[in-house]
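Student: next comes the sequence, and after it the predicted model I'd like to discuss.
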Amino acid sequence: MANETTDLQVQQAEKQEIEESGAERTRSRLAFVPRTDIYETDESITLVADMPGVSADTVDVSLENDVLRINGLVEPQPPEGYHLAYAEYRVGDFQRSFSVSDKVDLDNVEATVKDGVLRLVMPKTQPRSLKVSVKTG
């Protein structure tokens, strides 16, 4: 099932961190590729992305020219009264892009964020059929 062709093409990221040679950034911070699951039915495509530290106010989702872009900004919030003695968790922003087919109903896309998880539901446009009457002469 993972090798089937879908209406959302994923550009595989071998590294979790976006390389410096990638897109230009205006923030001098790390940017990570959020881990993402994509579910597809006949009616919709659902994308679920892990973006810890992102809220509805700091995430931006855009769909233009068949490219879905997800950007999430994260501000570090160390616990008050403590200093960092050791860290394995690195804080940074999130960026990811997907190629989307023209079958997505752009007027009804819904996005929600809860507990650092972005859920994006993109309904598909329903196929239309046309019966053309043929006249003589």
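Tutor: Alright, I've got the coordinates. From a predicted model like this one, the values you see are computed outputs, not experimental measurements. Residues are numbered from 1 along each chain as shown.

Student: report the helix or strand with the lowest average pLDDT across this protein.
Tutor: Across the helices and strands of the chain, mean confidence by mean pLDDT, DSSP states H and E is lowest for strand 8-10: a mean of 60.

Student: so how far is the helix or strand following that one from its chain's centroid?
Tutor: Scanning forward in sequence from strand 8-10 by DSSP states H and E, the next helix or strand is strand 31-32. Remark: strand 31-32 is offset 13 Å from the chain centroid, using Cα atoms, centre = their mean, to the nearest Å.

Student: helices and strands around strand 31-32, which ones?
Tutor: Helices and strands touching strand 31-32, as assessed by 3 or more Cβ pairs under 8 Å, 6 or more residues apart in numbering; DSSP states H and E, comprise strand 93-100. The C-beta positions use only the backbone N, C-alpha and C, and glycine is treated the same way.

Student: give me the next element, helix or strand, following the strand it packs on.
Tutor: Once the chain leaves strand 93-100, the next helix or strand it forms, by DSSP H and E, is strand 110-114.

Student: what residues does that following strand touch?
Tutor: Residues from elsewhere that reach strand 110-114, judged by Cβ atoms under 8 Å, 6 or more residues apart in numbering: Met51, Val54, Ser55, Ala56, Val59, Val61, Leu118, Arg119, Leu120, Val121.

Student: what are the phi and psi angles of the last one?
Tutor: Right, Val121. Per-residue torsions, Val121: phi -110, psi 120 (degrees, to the nearest 10).

Student: quick one: the nearest residue to it once chain neighbours are set aside and Arg119, what's the gap?
Tutor: Spatially, and ignoring its direct neighbours in sequence, Val121 is nearest to Glu110 (4.7 Å; Cβ to Cβ, 6 or more residues apart in numbering). Taking Cβ to Cβ, to the nearest Å as the criterion, Glu110 is separated from Arg119 by 8 Å.

Student: where does the protein have low pLDDT?
Tutor: Scanning the chain for pLDDT under 70 picks out the ranges 1-27.

Student: quick check: closest non-adjacent residue to Val104.
Tutor: Met122 (4.7 Å).

Student: is that neighbour in a bridge, and if so with what?
Tutor: On the basis of DSSP bridges, Met122 is bridged to Ile45.
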